[in-house]
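Visitor: turn this into a model:
(one chain, ligands or ions: 2)
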Amino acid sequence: MPKLGVNIDHVATVRQARKTVEPDPVWAATLAELGGADGITVHLREDRRHIQDRDVRVLRETVRVKLNLEMSVSEEITDFALDVMPDQCTLVPEKREEVTTEGGLDLIAHRDRVLRCVDRLLEAGIEVSLFIDPNAKQIEVADSMNVHAVELHTGQYAEAVDVETQTRELDLLFEAGEEARTRGMLLHMGHGLTYLNVEPIVEIPGVSELNIGHSIISRAVFVGMERAVREMKALLNPPLIMANDV
Ligand SMILES: CC(=O)[C@@H](O)[C@H](O)COP(=O)(O)O
Ligand SMILES: NCC(=O)COP(=O)(O)O
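Guide: Ligands and ions are numbered 1, 2, ... in the order given. So this is what the prediction gives:
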């Protein structure tokens, strides 16, 4: 059974919409752990649109399960990671204007830059995972970098608009998963996974970690809505205290 890394970025997205202190992703991490999360994932973007440096530092002190920092191959963020020392760093591509991560890291085009970053993290004793598309050539380059894991980008599978495309994308994930496993790398997957599309992914042999964020945070908003409204109503209409109650 794969482990579940819960990505809490979008708790911070709501907080940053008002630049206030709530909701705090640190609380979200604690509750996710109580719910059985095997890991907490955060993506410290270069533009700091959601997760902030403070969040990662506090999470390093409070998270008891695996702390996975998703990060771009930037020197500034690598320095930060080496200072905070998460259990795992997952290197991802990043574009300022994108709404969310649009594809895997191209290890062929950016080999030297990625390798410099990987080497610094490995030397410090941090586990390294590379977020890549399900492609044998990318996996071969990842293997040559001695990383612990690859995280296969499931976005194309998740966004497929018809069954044919979805089946083709799933086949690619099965094939790439086999390639990574036979090379001895840990197999992680993530992006765009939901309550409706995750089950076929769990069937992929050897998949050891799934990172899921947006769908879990979206559901959490609704499963908590009724109680949140009831609690506010209770403040607006406090129960009457009868004379003989006191
Ligand atoms: C690497 C990956 O697939 C993502 O989870 C990524 O961290 C998404 O970034 P946002 O949280 O900004 O959408
Ligand atoms: N690496 C994938 C991840 O952390 C979560 O992605 P998503 O579920 O928010 O799309």
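
Visitor: tell me where the chain has strands.
Guide: Under the criterion DSSP state E, strands of the chain are mapped to 3-7, 39-43, 66-71, 88-91, 127-132, 149-153, 186-190, 207-212.

Visitor: next one: the first one to chain centre, how far?
Guide: Centre-to-centre, strand 3-7 and its host chain are 7 Å apart (CA atoms, centre = their mean, to the nearest Å).

Visitor: now check it, is it near ligand 2?
Guide: Yes: for strand 3-7, a contact with ligand 2 is found by CB under 6 Å from any ligand atom, at Asn7. Backbone N, C-alpha and C define where each C-beta goes, glycine included.

Visitor: which strands and helices sit next to that strand?
Guide: Where contact means 3 or more CB pairs under 8 Å, 6 or more residues apart in numbering; DSSP states H and E, strand 3-7 is packed against strand 39-43, strand 66-71, strand 186-190, strand 207-212, helix 214-223.

Visitor: mind running it again at 7 Å?
Guide: Contact here means 3 or more CB pairs under 7 Å, 6 or more residues apart in numbering; DSSP states H and E; on that basis strand 3-7 packs against strand 39-43, strand 207-212.

Visitor: and that strand with ligand 1, contact?
Guide: Yes: Strand 3-7 reaches ligand 1 (CB under 6 Å from any ligand atom) through Asn7.

Visitor: only alpha carbons, please: show the longest helix that the chain contains as PDB.
Guide: Longest helix in the chain, counting residues (DSSP state H): helix 163-182. Once non-C-alpha atoms are left out, helix 163-182 reads as follows in PDB (Å, rounded to 0.1, in the frame of the first residue of the first chain):
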ATOM      1  CA  VAL A 163     -11.300   7.100 -21.300                       C
ATOM      2  CA  GLU A 164      -9.000   6.400 -24.200                       C
ATOM      3  CA  THR A 165      -6.600   9.200 -23.300                       C
ATOM      4  CA  GLN A 166      -6.800   8.300 -19.600                       C
ATOM      5  CA  THR A 167      -6.000   4.600 -20.300                       C
ATOM      6  CA  ARG A 168      -3.000   5.600 -22.500                       C
ATOM      7  CA  GLU A 169      -1.700   7.900 -19.800                       C
ATOM      8  CA  LEU A 170      -2.200   5.200 -17.200                       C
ATOM      9  CA  ASP A 171      -0.200   2.700 -19.400                       C
ATOM     10  CA  LEU A 172       2.700   5.300 -19.600                       C
ATOM     11  CA  LEU A 173       2.700   5.400 -15.800                       C
ATOM     12  CA  PHE A 174       2.800   1.600 -15.500                       C
ATOM     13  CA  GLU A 175       5.700   1.400 -18.000                       C
ATOM     14  CA  ALA A 176       7.700   4.200 -16.400                       C
ATOM     15  CA  GLY A 177       7.000   2.800 -13.000                       C
ATOM     16  CA  GLU A 178       8.500  -0.500 -14.100                       C
ATOM     17  CA  GLU A 179      11.500   1.200 -15.500                       C
ATOM     18  CA  ALA A 180      12.100   3.100 -12.200                       C
ATOM     19  CA  ARG A 181      11.600   0.000 -10.100                       C
ATOM     20  CA  THR A 182      14.000  -2.200 -12.100                       C
END
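
Visitor: can you offset everything so residue one is 32?
Guide: Sounds good: first residue 32 from here, last item helix 194-213.

Visitor: now do that helix against strand 238-243, angle only.
Guide: Helix 194-213 and strand 238-243 are oriented at 130 degrees to each other (axes from the mean of the first three to the mean of the last three CA atoms, to 10 degrees).

Visitor: still on that earlier bit, and the strands of the chain as a markdown table, adding mean neighbour count and distance to Ile272?
Guide: Shown next, in a markdown table, are those (neighbours: other CB atoms under 10 Å; distance: least, CB to CB, whole Å):
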| stretch | mean neighbour count | distance to Ile272 |
| --- | --- | --- |
| strand 34-38 | 23 | 42 |
| strand 70-74 | 27 | 43 |
| strand 97-102 | 24 | 47 |
| strand 119-122 | 27 | 53 |
| strand 158-163 | 24 | 57 |
| strand 180-184 | 27 | 56 |
| strand 217-221 | 24 | 52 |
| strand 238-243 | 22 | 46 |
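
Visitor: noted, bye for now.
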